[in-house]
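Colleague: need the 3D shape of this:
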Amino acid sequence: MKKRGMRRVACMLILAILVCNLGVSAGNTNAQEVETESIEQTQESVDTSEWDFDEAGDEIELSYQVTSQWEEHCNVDVTLKNVTDERIDNWEICLPANYEIENIWNAKITDEIDGEYTIHNAEWNQDIEVDGTVSFGMTVKTSEEVEFPEYVDTTGLCQMVKEDKYKIEFKKHSQWDNTFNGQIIITNQSEEKIEDWSLNLNSNFEIDQIWNATVAEEVKEEDFTFYDIENTGYNQNIAPKQSVEFGFIATCDGEPELSLTELYHVTADFDFTEAKEDEDEPEFVDEFTLDSDCFETREEYEQYLEEKGLTDDSLMELEEEEVSTFSVMRKASSATPSPTPASVECVGRDVDRENDVRATQHYLPLGNGETYLMVASGKDAKVIKRTVDNETGEKDFTTPVPFTSFGHGQTFEQFVVSNKGEKRGVEYEGEYYLLAGGATKKHARKLAIMSKSYFVDRVSNNREVKFEYWKEEQGLFRIMTGLASANKTSTKRGDIFRTDAAISSDGSTLVIWKEVQKSGENVVEISLYNMKKIWKIYKKQRNVEQNKIKNNTLKEGEKNKSLKLSFAGNKKKALRNACIGTFWEEVKSKKKSVLKPNGSFQSIDVENYIEDGKVKWRIAMTSGNEIGKMQLATITRFEVTKNKKVTGKEAGVSYKAYREHIVMKDYPGAKLELEGGHLMNSHRFDFIVMRKVGMDLSNNKVKMLRNQYFSTINLLDIKTRVK
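Modeller: Okay, here's the model as predicted:
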């Protein structure tokens, strides 16, 4: 079974999450009292030992040779080999030592804590190419044989330089027709060296030639072209009060302009306080335009539209006929039916919940007859455990546990973390959950990662989980924020209205679905991320915080900030480098939307597979809403491939979409809603089906009555191409 309890895939790609994750660190054993008793109870009852194992690094393979020895001394040559799939810039490592370093060459020592040295490059050996090596030597004092780890990680990370530390000048020297000769000068205004610089910019021109710099990435958006420009090696460092410059020839219609410039450098000195507290707060709109997913009945939705003076072109009527004669008609204004939609049949297994309870938004099968169900209630959610008696078949449901501010989220994913691999033995295996949270009204706008032990403890003991617990003293889980900027260029196309996500079974790929609003327009994006690179960022943040605790240099307010990763913060280039690709659309017509069919989104999942020697991705998305006779229930299959071209609305990847209408075999004319789905392998897709059975009009309140089912289809049966 895929990522639901039985998954035991060797997920080395997620190793880094464990080093820096959720437990109380050695430097935080005397945690202060927390405000709520429930957090204290959790800390006592959850086994945090699983979070503290010592994981070896896997960025650099280290080898050494003792070249000479004398009384309690020796000279050692150390070689570092880059074993990643990309160049390592401005390398720096932490080296645990059973010796004292008396002299070092071709590198320098920048720190030493508790027998661990921080060793930095010597500028002329600053970068390590893929499969490349650099070396340094040292004289050490020891009474025993020297010991070195086999693998280490680097400490540096690409981070934005503060705006007051530098100045950017743009000059146009000459222009002919629509071509011009340009120059950009970067001046270091600070007292510290800027190491391994790169510049991101948006422009209304396209660069044809460049010198004294290289174009690492180019993405052509509708209104601008995004450039990631890197140094050439010989000019990678900018001394205090000094400048570097590069020139280029570009084409432009009109006067050339830069709309955004951001300078980055590779550093291990992270500042956790400079990012905004909440990058997802509205900037462009005062109030979001709600969609049909936010309402329990069609009447409530139509009343909302009327009050706001809005329309919804996805409103449609389904005739009361068998599925073979289903036809789609425009609401009242057109009597001509559309062609009969294609359909895929499914069979339901009853969830056995009362038909007057709230709908299950998502679920998590555990492989032993147990299932977690998640329901939404405003900005909050509740989790219920469903068990089945193996002898009698009787179903039982636990008391709903509040998940405060986890909102109308369609993310409920389990994944296994393991340190299996050729480089090390099997020492650890653990499970984690990915959830959507951070809701302020209806929909979740952030993501949360928590350990299975923490999640199970809260649900088993009926203890509330608050999204804000992530930043409490214990650091109970980690979060991702700033998701409006989670795409190939970190472009914020509007305020984030809702977000959901999923992880592939091998832990290698994160998919993020999000909807943003700006000036009355909606944009929907789907982005794929390399999870190994994301875990590396988390790990390095956590290591820096732990070292600051040891050095007593952690600033006030920085506690557990390493558990937060913002796609709009000062590490957004590092996250952008982790982005495999993005595709997006402006939702002009809900009926014609590919990424949010008929204005409804219910769940998403992803799997990667190999075809013709290339990695590809398959994404499954459910949609459709049972509000009255409103929308068809559909499943969309996306086939995604890597694409070097980065133009239009596909950056880094391209896709083909296929969609079918879903019907139930035993209830062919039923009004359905499809909720949380899981890709169990490359083609099996499991999901929740809601079937409307009536309305409860008692107590002067309209209440939907529905039956709920588990169902499965072969995703490859989704064959009708949509554009």
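Colleague: tell me the buried residues in stretch 229-242?
Modeller: Across stretch 229-242, burial judged by 16 or more other CB atoms under 10 Å covers 229-231, 236-238. All C-beta atoms are positioned from the backbone trio N, CA, C, and that covers glycine.
Colleague: for stretch 716-723, same thing?
Modeller: For stretch 716-723, by 16+ other CB under 10 Å, it's 717-718, 720.
Colleague: which two among the buried residues of stretch 229-242 are spaced furthest apart?
Modeller: The distance between the two most remote of those (CB to CB) is 15.9 Å, for 229 and 237.
Colleague: what sits against residue 489?
Modeller: Neighbouring residues of residue 489 by CB atoms under 8 Å, 6 or more residues apart in numbering: 219, 221, 226, 576, 582, 651.
Colleague: distance check, it against residue 497.
Modeller: Using CB to CB, to the nearest Å, residue 489 is found at 20 Å from residue 497.
Colleague: repeat that for residue 704.
Modeller: Relative to residue 497, residue 704 is positioned 23 Å away (CB to CB).
Colleague: check residue 163 too.
Modeller: Per CB to CB, residue 163 is found 29 Å from residue 497.
Colleague: more crowded one of those two?
Modeller: residue 497 (24 against 12; other CB atoms under 10 Å).
Colleague: quick one on the thing from earlier: for the buried residues of stretch 229-242, which one is nearest residue 114?
Modeller: Residue 114 has its nearest neighbour among the buried residues of stretch 229-242 in residue 237, at 30.1 Å by CB to CB.
Colleague: what's the burial count for the closest residue in space to the closest one that isn't next to it in sequence?
Modeller: Spatially, and ignoring its direct neighbours in sequence, residue 237 is nearest to residue 195 (5.1 Å; CB to CB, 6 or more residues apart in numbering). Neighbours of residue 195 under the rule other CB under 10 Å: 20.
Colleague: which ones are touching residue 195?
Modeller: Residue 195 sits next to 90, 126, 236-237, 265-267 when contact means CB under 8 Å, 6+ apart.
Colleague: for residue 449, same thing?
Modeller: Residue 449 makes contacts with 17, 21, 432-435, 477-480, as judged by CB under 8 Å, 6+ apart.
Colleague: average pLDDT for stretch 582-591?
Modeller: Stretch 582-591 carries an average pLDDT of 88.
Colleague: renumber starting at 29 from here on
Modeller: OK, 29 is where the count begins now, so the last one is stretch 610-619.
Colleague: and residue 576, what's its pLDDT?
Modeller: We have a pLDDT of 86 for residue 576.
Colleague: so it, which of the three states?
Modeller: helix (DSSP: H, G, I helix; E, B strand; the rest coil).
Colleague: can you give me the neighbour number for the closest residue in space to it that isn't next to it in sequence?
Modeller: Leaving aside its sequence neighbours, residue 576 sits nearest to residue 582 (CB to CB, 6+ apart; 4.0 Å). As a burial measure, residue 582 scores 19 neighbours (other CB under 10 Å).
Colleague: thought residue 582 was touching residue 575?
Modeller: No. The pair residue 582 / residue 575 is not scored as a contact, 9.1 Å apart, by CB atoms under 8 Å.
Colleague: can you confirm residue 318 is in a helix?
Modeller: No. Residue 318 is assigned coil when assessed by three-state DSSP, not a helix.
Colleague: nearest spatial neighbour of it, skipping sequence neighbours?
Modeller: Distance criterion CB to CB, 6+ apart; nearest residue to residue 318, sequence neighbours excluded, is residue 332 at 6.4 Å.
Colleague: residue contacts, residue 469?
Modeller: Residues in contact with residue 469 (CB under 8 Å, 6+ apart) are 316, 406-407, 435.
Colleague: will you turn these into a markdown table that also has neighbour count and pLDDT?
Modeller: As requested, the contacts of residue 469 are exported to a markdown table (neighbours: other CB atoms under 10 Å; pLDDT from 0 to 100):
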| residue | neighbour count | pLDDT |
| --- | --- | --- |
| 316 | 21 | 85 |
| 406 | 12 | 82 |
| 407 | 19 | 88 |
| 435 | 26 | 83 |
